[in-house]
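Q: any chance you could fold what I've pasted below:
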Amino acid sequence: CKAALNETDGDMEAAVDWLRKKGISKADKKAGRTAAEGLIGVDSGVREAAVVEVNSETDFVARNSAFQEIVANVAKVALAYG
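A: Numbering: from 1, shown residues only. Okay, the predicted model is just below:
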């Protein structure tokens with residue numbers, strides 16, 4: 001925020017616009033990345049099943065227990081709302 005205010009000579013609205021543009025620029029740089037790692041989540045009921053694939057950029061993330069829990073929850077939601 002301080003950098004944005006410095007860049008815009010203290011103009012608050014211009015600083016907000018500057019931050020938005022920087023955020024879009026960073027998002028554009030990351031958009032081309034390949035998320036080659038990830039997990040497959042599976043959940044099943046009596047007569048149906050759901051299989052989901054959730055990708056990440058690194059295997060470090062895929063091995064994280066919080067990520068694994070998210071994948072399991074996504075599979076449960078996919079089964080519930082099909």
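
Q: show me where the chain has helices.
A: Shown for the chain, the helices assigned by DSSP state H span residues 2-7, 12-31, 59-62, 65-81.

Q: list the helices and strands the lowest-mean-pLDDT helix or strand in the chain packs on?
A: Lowest on mean pLDDT, DSSP states H and E among the helices and strands of the chain sits helix 12-31, with a mean of 78. Applying 3 or more C-beta pairs under 8 Å, 6 or more residues apart in numbering; DSSP states H and E, we find helix 12-31 packed against helix 2-7. C-beta: built from backbone N, CA, C; applies to glycine.

Q: and the residue nearest the centre of the protein?
A: When C-alpha atoms, centre = their mean is applied to the chain, the residue found nearest the centroid is Ser56 (8.4 Å).

Q: correct me, but that residue touches Phe67?
A: Yes: Ser56 is within contact range of Phe67, at 6.6 Å (criterion: C-beta atoms under 8 Å).

Q: thinking again about what came up before, tell me the contacts of the residue nearest to the centre of the chain?
A: 35, 37-38, 62, 67 (C-beta atoms under 8 Å, 6 or more residues apart in numbering).

Q: same question for Lys22.
A: Ala4 are the contacts of Lys22 under C-beta under 8 Å, 6+ apart.

Q: hmm, back to that, from Asn64, how far off is the residue nearest to the centre of the chain?
A: Going from Ser56 to Asn64 by C-beta to C-beta, to the nearest Å gives 9 Å.

Q: equivalent analysis for Glu37, please.
A: Taking C-beta to C-beta, one finds Glu37 at 11 Å from Asn64.

Q: how about Ala4: what's its closest non-neighbour residue?
A: Spatially, and ignoring its direct neighbours in sequence, Ala4 is nearest to Ala15 (3.9 Å; C-beta to C-beta, 6 or more residues apart in numbering).

Q: now that neighbour: how far from Asn64?
A: Ala15 is 35 Å from Asn64, by C-beta to C-beta.
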